[in-house]
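Undergrad: Okay, sequence plus prediction incoming.
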Amino acid sequence: MNSNNPHHAPLRDVAQNPEATAQYMAGVLRVLEDIGRNLETLAIETRIHCRGTHVEGDRFYDAWLRARPVEKALHDVLKHVESVTKGLEKTAFKRRAHDEAVANTARKRREKELERRRKNTPPLQAARQDPSQQNAQRQNPDYAGPTSIFDLGNRESA
């Protein structure tokens, strides 16, 4: 990477290489999974603390009701972190699939072009026979072209 270039974007090299993209996303994924584990621990500890905080005159479920919005907020954050990690994995696979599709596009286009040319070229016509060969075929009736059983002429059927 050339950091002296004023127009240099630090992730440009990563974006251009699918392997580097996968490595970068794996690093981000590790960090997010670590954050997710820490948030899970925080959610458990927060739930224990908030549900255990009672005020004089509370009924048995008042502390639980007060803790519910906090627990829900932490649960939502955990869901979002999980969806981000799934999205990162999916993006790494899609990035690799994109490069494979680009690599195969030229080959597929060549195959389509060959197929199109093959379909559009007129078929070769059979070579014309000499009149002498046509006469030779007419003179030998035993080797004539296919006939039906109703058109045997003076021959007998088997």
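TA: That came in fine, so what should we check first? Treat the numbers as computed from the prediction; the structure is a model and nothing was measured. Residues are numbered from 1 along each chain as shown.
Undergrad: The most centrally placed residue in the chain sits in which helix or strand?
TA: Centroid-nearest residue in the chain, with CA atoms, centre = their mean: Ala97, separated by 5.8 Å. Per DSSP states H and E: Ala97 is located in helix 62-120.
Undergrad: same for that helix, what does it pack against?
TA: helix 18-52 (3 or more CB pairs under 8 Å, 6 or more residues apart in numbering; DSSP states H and E). C-betas here are computed from N, CA, C, even on glycine.
Undergrad: just to revisit the earlier point, average pLDDT for the helix holding Ala97?
TA: Per-residue pLDDT over helix 62-120 has a mean of 92.
Undergrad: Pull the distance from that helix to the chain's centre.
TA: How far helix 62-120 lies from its chain's middle: 9 Å, per CA atoms, centre = their mean, to the nearest Å.
Undergrad: now the angle from it to helix 18-52?
TA: Using axes from the mean of the first three to the mean of the last three CA atoms, to 10 degrees, one finds that helix 62-120 and helix 18-52 are set 160 degrees apart in direction.
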